[in-house]
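Enquirer: Give me a model of this one.
(chains A and B)
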Amino acid sequence: MAKATNTELVDLLGEKFGEQLFDVSEPYGLLTFSTNKDKVIEVLSFLKENGKINFNFLTDITAVHYPEKEKIAVVYHLHSMVSGIRVRLKVFLNEHAPTIASATVLWNGANWMERETYDFFGVKFEGHPDLRRILNMDELGVHPMLKQYPLEDPNRVDKKDEYFGR
Amino acid sequence: MNNNQPVYTDNDPQDELVTLNLGPTHPATHGVFQNILQMDGERIVSGVSTIGYIHRAFEKIAEHRPFYQITPLTDRLNYCSSPINNMGWHMTVEKLLNIQIPKRVDYLRVIIMELSRIADHIICNTIIAQDTGATTTFLYLFQYREHIYEIFEEICGARLTTNIGRIGGLERDFNEVAFAKINKFLKEFPVALKEFESLLNRNRIFIDRTKGVAEVTAENALSYSWTGPLLRATGIDYDVRVSEPYSSYQDFDFEIPVGTSGDVFDRYLVRNEEMWQSVRIIEQAIEKLKSEPKGIFHADVPDFYLPGKEEVYNNMEALIYHFKIVMGEIDAPKAEVYHAVEGGNGELGFYLINDGGRSPYRLHFRRPSFINYQMYAKMSEGMLLSDAIINMSSLNIIAGELDA
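Expert: Residues are numbered from 1 along each chain as shown, chains lettered A, B, ... in the order given. Model (predicted):
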């Protein structure tokens, strides 16, 4: 199969999903777009099963917290080993009730990636077979990668964020 | 009433399962991770993996550190091949900053990365042999890992957690001793590897213990997002060095070995063949270095490349740039970047989001050990305990990378 290009991919996805895909960009050649949370499984399974593009490999699932926007973005990296290109799919969730459908129906490998994302960001993956914490202890009580939790003891004066360019 | 008579009930003890805690500090797991197994005699009925014993919150720490201080964190992911992690991180930042690296630096980096790939594969393969009872092979080949660490010591001063290189290049050029040691290694290692292979490849005991153990189909491996030698042992020729060449890997002539059945024996063979290919790559790199201008070991990017201490003390400009980098007065672009390198046990990815400051807004490591390990409990079901131990060694799970 010939190497698919990002423009072909955008056309193909635009034809299928139209307005459901937005914020299309191409940072460093990696096609990035967003979708709504109720469409995510539909988009992922289209990417995985469409014979033309064939993104059969789930590279990674993670999340990013944007406290100013009150959002948590769940980020999927997919890889088409046939055509050798990657895509990045983002889904922005409300930080107060982050729930999204689980991708374990498509890839077994999504299991631990989603558990890790739940552990660190509190994103609830609906339909996940075993959504428990994975790296932190069960009694932790918080989701530590959220931006409101400081790294160091906040009373220390020598480790202020401003000294570190933030 | 005779109390000495055995009492038979409906619950025959022979039907009862035994709970076995394999780990967290079991010598056969080669790392801190626990599997709670339900055993029926020697056979595993089901298992649950518990991980996170050495979780150190690197992703959180990385959000509070400037880029050049994140390199030591990457050391401690897969500490059996830390130079690959270091280089992967440097290349991620260089991609973010659009820095062009001179060819000579690329080749020097390739030498370092391939040496650490050999070190990583030596550990895994000798330990498979060790766990099947072949101590001799372990001792024969393992000393070459020591020789590789001596080369690293000559290049950067450290052995295990190397913190090798800088953003924009290397901290210093290879010296004569380093090249001499590399050449000596290239001469001696193939002999030892040949000996290692002749002791195991057609060894009846070794084959009986490994062949057909923990077979994995290509579909299953893809579904579990396996990468690296494990995926290649199932027959899929995916290697980041070829599919998305970084650090001038496209200039080199090498092959990607693949297996067929994905069992322990195939994984062993794939790793062995990769060591041969790595030797080939290093030889080519040494040859290519001869036609490159001497003395170049970093790109000309004073804004981001930390100057050497001697420069800083004797040269005004270097002092200014040093001050600017350390005090964080140079901004990196607002962007997000994903960069992957072929680590010792799979695709090691760095997903970096920068908001314009000098430390990441978010940094996520795609750690191959973490993703490769999740099939372990599932694939152990129905397996003999002794096979499950060998299976674990052949997965090459490094606890540091598993838990980040």
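
Enquirer: surely B:Glu42 meets B:Leu385?
Expert: Yes - with contact defined as Cβ atoms under 8 Å, B:Glu42 and B:Leu385 form a contacting pair (5.6 Å). C-beta here means a position set from N, CA and C on the backbone, and glycine is covered the same way.

Enquirer: Compare those two (neighbour count), which wins?
Expert: In this view B:Glu42 and B:Leu385 are compared by other Cβ atoms under 10 Å in any protein chain shown, and B:Leu385 has more residues nearby, 16 against 10.

Enquirer: quick one: pLDDT of the more buried one?
Expert: Listed pLDDT for B:Leu385 reads 92.

Enquirer: what residues are up against it?
Expert: By Cβ atoms under 8 Å, 6 or more residues apart in numbering or on different chains, the contact set of B:Leu385 is B:Leu20, B:Leu37, B:Met39, B:Glu42, B:Arg43, B:Ile44.

Enquirer: any idea which of those residues is the one closest to chain A?
Expert: Nearest to chain A among the contacts of B:Leu385: B:Leu37, at 17.0 Å, using Cβ to the nearest Cβ.

Enquirer: Surely that closest one is in contact with B:Ser46?
Expert: Yes - the criterion here is Cβ under 8 Å, and B:Leu37 meets it with B:Ser46 at 7.5 Å.

Enquirer: Compare those two (neighbour count), which wins?
Expert: A direct count of neighbours by other Cβ under 10 Å for B:Leu37 and B:Ser46 places B:Leu37 higher, at 25 against 15.

Enquirer: still on that earlier bit, which residues are in contact with both of B:Leu37 and B:Ser46?
Expert: In contact with both B:Leu37 and B:Ser46: no residue, using Cβ under 8 Å, 6+ apart.

Enquirer: any idea how far the residue nearest in space to the middle of chain B lies from B:Glu114?
Expert: In chain B, the residue lying closest to the centroid (Cα atoms, centre = their mean) is B:Gly344, at 3.1 Å. According to Cβ to Cβ, to the nearest Å, B:Gly344 and B:Glu114 sit 11 Å apart.

Enquirer: and if you look at B:Thr132?
Expert: Per Cβ to Cβ, B:Thr132 is found 27 Å from B:Glu114.

Enquirer: How about B:Ala318?
Expert: Here B:Ala318 is placed at a distance of 32 Å from B:Glu114 (Cβ to Cβ).

Enquirer: So if I had to pick from these two, which one is more boxed in?
Expert: A count of neighbours by other Cβ under 10 Å puts B:Glu114 above the other of B:Ala318 and B:Glu114, at 27 against 18.

Enquirer: my read is the more buried one is in a helix, agree?
Expert: Yes - the assignment for B:Glu114 is a helix, going by DSSP: H, G, I helix; E, B strand; the rest coil.

Enquirer: my guess is it contacts B:Trp276, does it?
Expert: No - the criterion here is Cβ under 8 Å, and B:Glu114 misses it with B:Trp276 at 11.2 Å.

Enquirer: hmm, back to that, strands - which of the contacts of B:Leu385 land there?
Expert: The subset of these located in strands under the criterion DSSP state E comprises B:Leu20, B:Leu37, B:Met39, B:Arg43, B:Ile44.

Enquirer: Among the residues you listed, which pair sits farthest apart?
Expert: Among the ones in strands among the contacts of B:Leu385, the pair separated by the greatest distance (Cβ to Cβ) is B:Leu20 and B:Arg43, at 11.3 Å.
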